[in-house]
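Participant: My questions concern the predicted model and sequence given below.
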Amino acid sequence: MAAGVETEAPAGKGLKTGALGLWSAVVVGVASTAPAYSLAATLGFIVAYIGLQTPAVVVVAFIPMLMISVAYSELNKADPDCGTTFTWATRTFGPRSGWFLGGWGILASDILIMASLAQIAGQYLFLLFNNTHIGDNAASSWVLLVGVLWIVVMTYVCYRGIEISANFQKALLSIEAGMLGVFAVVALIRVATGHAPKGHISPSWSWFNPLDIPSFSTFIAGLILMIFIYWGWDTAVAVNEETEDPQKTPGRAAVISTVLLLAIYAVVTLAAQSFAGIGTHGIGLGNPDHQGDVLSVLGKAVFGSSWVGTVMTHLLLLMVLSSAAASTQTTILPTARTSLSMAVYRAIPSEFAKVHKKYLTPTTSTIAMGATSAVLYVIMNYLSSGSVISDSVTACGIFIAMYYGTTGFACAWYFRKTLTKTTRDLFM
C-alpha cells in the first residue's frame, strides 16, 4: 500500500482552521503527555532500574526531547501538515519509510497506550469513591467496563470538535498541574521539617549526576521509560492545520511544552523520591507491589489521614483520573489526524479522509481510533490478567523512539542543502 502513496500536498483536508491559539496548543501538548498519569504508571519502574539517579534521567531524557521538538518545529515551518512524521518522512525518505517509520509508529504507539490510559481511568474512578476492593484489582471486569466506556466518551468529545476538546483540556490540566504542585510542596516541607516517614532521604545534588548510574544497560532501560513519560507533546503539532499561524504556533507550542514538562517532572520526582525513598517495602518507590501506581500510595502518606488529608488525597486521585482522561482524548486527536493525512495521501483507504461537515473533525478516523483502542484494550486486559500498564508502556517506548528518531533524521536530511547558510540553520 505504501508504494502508492502520493507525495504532493493536497489542497486542504477540510479541518477547522484558526481554531487554536498558542496557549491552547501548549495546553494540548502538555495535557497529551498526562504528567500525573505518566508519573503514577512509570516512576516506580524507572526507580527499579536507576535508583537514586532517577532525577538525572529526567534531565538527560529532556535533551533529546528538546532536540526532537525543535525538529518538529522546523519541519512544521516548511510543511504544516497534520500527518507530521508520516508526511515529512514520506517526502524526505520515500513512501515506504513514511509509512512504516512514521505513520505506523504513530498509530501503533497511540493505540497501545490507550489500553494503559483506560486501565488507570477505570481503577482510579473506583479509588476516588473509596472502593479499593475493585480499584486495587487490575483484573476486575468492572475496571475493564469503565475503561471501555471512558474510551467511548473521549472519542465522542474528539468527534464533536477541536475547540470543545481544547477547552476540556484546559480544565483538566488546571486540576492536574495544581495538585502536582501541592503534592510536591507538601512532600518537601515534610522532609525538611522532619515529618516524613521512615525511609525518606534528604535531597542531594548527586541525584542529578548520570555518571553514578550503575551500568549503561540500566541507563538505557530507564531512559526509554523516561522518554515514554515525556512523550505526547507532539500533539501540539498534529493539530497544526487547526491552529492560528500554522507554520509557527504549533512548533513554538511543542518546544514550550517540553520545557514545562522538564520543570514538572524534575520537581515532582525529586519530591517523591525524597519523601518515600527508593526502598522495596512500604511506600518506597522501589516496592514492586505498587510500581504501576505510585501516586495513590504516596498521596495517603503525604497528606495524612485527617479530614483535610483525606480531601487532598481524593483530589490527588481526581488529578490522576483527569490526567488519564486528558491523555485519552489527546491521544485520539493526533492519531485521527495522522490517519486522515495518510488517507488523503492514499497510504490507507480514502474512507479515513472523511471530515464532518458541521464539526470539521475527522469522522471515520476518530471512530476507528476509539473502536480499535477499545477492542485492543479488552484483548490485552484478558491476556495479561489486568497487567496492561507495564505491557503497553514497554511496547510504546520502542515505537516512540522509532518515530521521534525518524523525525530527527528527516529534519537533518530535509534541510541538508541549507545547513551551512547561517549559524542558526546549522544549530537548529
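Facilitator: Structure received.
Participant: Neighbours of the residue lying closest to Gln53 once chain neighbours are set aside, how many?
Facilitator: Using Cβ to Cβ, 6 or more residues apart in numbering and skipping residues adjacent in sequence, the residue nearest Gln53 is Ile213, 4.8 Å away. All C-beta spots, glycine's among them, are computed from the backbone N, C-alpha and C. By other Cβ atoms under 10 Å, the residues close to Ile213 number 22.
Participant: again with the one 5 residues further on
Facilitator: Residues near Thr218, counting by other Cβ under 10 Å, number 16.
Participant: What strand or helix carries the closest residue to it other than its chain neighbours?
Facilitator: Leaving aside its sequence neighbours, Thr218 sits nearest to Tyr49 (Cβ to Cβ, 6+ apart; 4.9 Å). Taking DSSP states H and E as the criterion, the element that holds Tyr49 is helix 35-50.
Participant: chain center to that helix, what's the gap?
Facilitator: 13 Å (Cα atoms, centre = their mean, to the nearest Å).
Participant: now stretch 342-359
Facilitator: On Cα atoms, centre = their mean, the centre of stretch 342-359 falls 25 Å from the chain's centre.
Participant: Next: stretch 121-137.
Facilitator: 22 Å.
Participant: Equivalent analysis for stretch 300-317, please.
Facilitator: Distance, centroid of stretch 300-317 to centroid of chain: 26 Å (Cα atoms, centre = their mean).
Participant: Other residues contacting that stretch?
Facilitator: Stretch 300-317 has contacts (Cβ atoms under 8 Å, 6 or more residues apart in numbering) with 124, 127-128, 175, 179, 182-183, 186-187, 190, 197, 275-276, 283, 295-296, 299.
Participant: one step back: I figured the residue nearest to Gln53 was touching Leu52, is that so?
Facilitator: No: between Ile213 and Leu52 there is no contact under Cβ atoms under 8 Å: 9.4 Å.
Participant: Check the burial of Met402 by counting its neighbours.
Facilitator: 18.
Participant: Ok, Tyr156 next?
Facilitator: For Tyr156, the neighbour count with other Cβ under 10 Å is 14.
Participant: Ok, Gly178 next?
Facilitator: Neighbours of Gly178 (other Cβ under 10 Å): 12.
Participant: so how far is Ala343 from the residue lying closest to it once chain neighbours are set aside?
Facilitator: Of all residues not flanking Gly178 in the chain, Met319 sits nearest, at 7.9 Å (Cβ to Cβ, 6+ apart). As judged by Cβ to Cβ, to the nearest Å, Met319 and Ala343 stand 36 Å apart.
Participant: And for His290?
Facilitator: For His290, the distance to Ala343 - Cβ to Cβ - is 42 Å.
Participant: Equivalent analysis for Phe100, please.
Facilitator: 17 Å.
Participant: out of the two, which sits in the more crowded spot?
Facilitator: Ranked by neighbour count (other Cβ under 10 Å), Phe100 and Ala343 place Ala343 first, with 21 against 16.
Participant: for the more buried one, what are its contacts?
Facilitator: So Ala343 contacts Pro349, Ser350, Glu351, Phe352, Ala353, Ser365 (Cβ under 8 Å, 6+ apart).
Participant: Going by neighbour count, list what's buried in stretch 199-216.
Facilitator: His200, Ile201, Pro203, Trp207, Phe208, Ile213 (16 or more other Cβ atoms under 10 Å).
Participant: what about the nearest residue to the second one once chain neighbours are set aside, neighbour count?
Facilitator: Taking Cβ to Cβ, 6+ apart, and ignoring the residues beside it in sequence, Ile201 has Gly277 as its nearest neighbour in space, at 5.2 Å. For Gly277, the count of nearby residues is 23 (other Cβ under 10 Å).
Participant: Could I get the pLDDT score of Gly277?
Facilitator: Looking at Gly277, its pLDDT stands at 92.
Participant: repeat for the one 3 residues further on
Facilitator: Per-residue confidence at Thr280 stands at 87 (pLDDT).
Participant: do Ser24 as well
Facilitator: 87.
Participant: So it is in contact with Lys170, correct?
Facilitator: Yes: Ser24 is in contact with Lys170 according to Cβ under 8 Å; the separation is 7.5 Å.
Participant: How many neighbouring residues does Ala276 have?
Facilitator: Neighbours around Ala276, by other Cβ under 10 Å: 29.
Participant: Got the phi and psi for the closest residue to it other than its chain neighbours?
Facilitator: Nearest non-adjacent residue to Ala276, counting by Cβ to Cβ, 6+ apart: Ile283, 4.7 Å away. Dihedral angles of Ile283 (phi, psi; degrees, to the nearest 10) stand at phi -90, psi 0.
Participant: can you map out the helices along the stretch 51-200 of the chain?
Facilitator: Assigned by DSSP state H, counting those that start in this stretch, the stretch 51-200 of the chain shows helices spanning 54-78, 85-93, 95-97, 104-128, 132-135, 141-160, 162-192.
Participant: Lys421: which of those is closest?
Facilitator: helix 54-78 (13.3 Å; Cβ to Cβ).
Participant: So which other helices or strands are in contact with the closest one?
Facilitator: When contacts are defined as 3 or more Cβ pairs under 8 Å, 6 or more residues apart in numbering; DSSP states H and E, helix 54-78 sits against helix 35-50, helix 216-230, helix 235-238, helix 249-276, helix 388-414.
Participant: Could you rerun that using 6 Å?
Facilitator: Using 3 or more Cβ pairs under 6 Å, 6 or more residues apart in numbering; DSSP states H and E as the contact test, the elements touching helix 54-78 are helix 35-50, helix 216-230, helix 249-276, helix 388-414.
Participant: What mean pLDDT does that helix get?
Facilitator: Helix 54-78 comes out at a mean pLDDT of 93.
Participant: What residues sit buried inside it?
Facilitator: Across helix 54-78, burial judged by 16+ other Cβ under 10 Å covers 54-62, 64-76.
Participant: try stretch 172-183
Facilitator: Leu172, Leu173, Ile175, Glu176, Ala177, Met179, Leu180, Val182, Phe183.
Participant: Next secondary structure element downstream of the longest helix belonging to the chain?
Facilitator: Identified as the longest helix of the chain according to DSSP state H is helix 307-344. Later in the chain than helix 307-344, the nearest helix or strand by DSSP H and E is helix 364-383.
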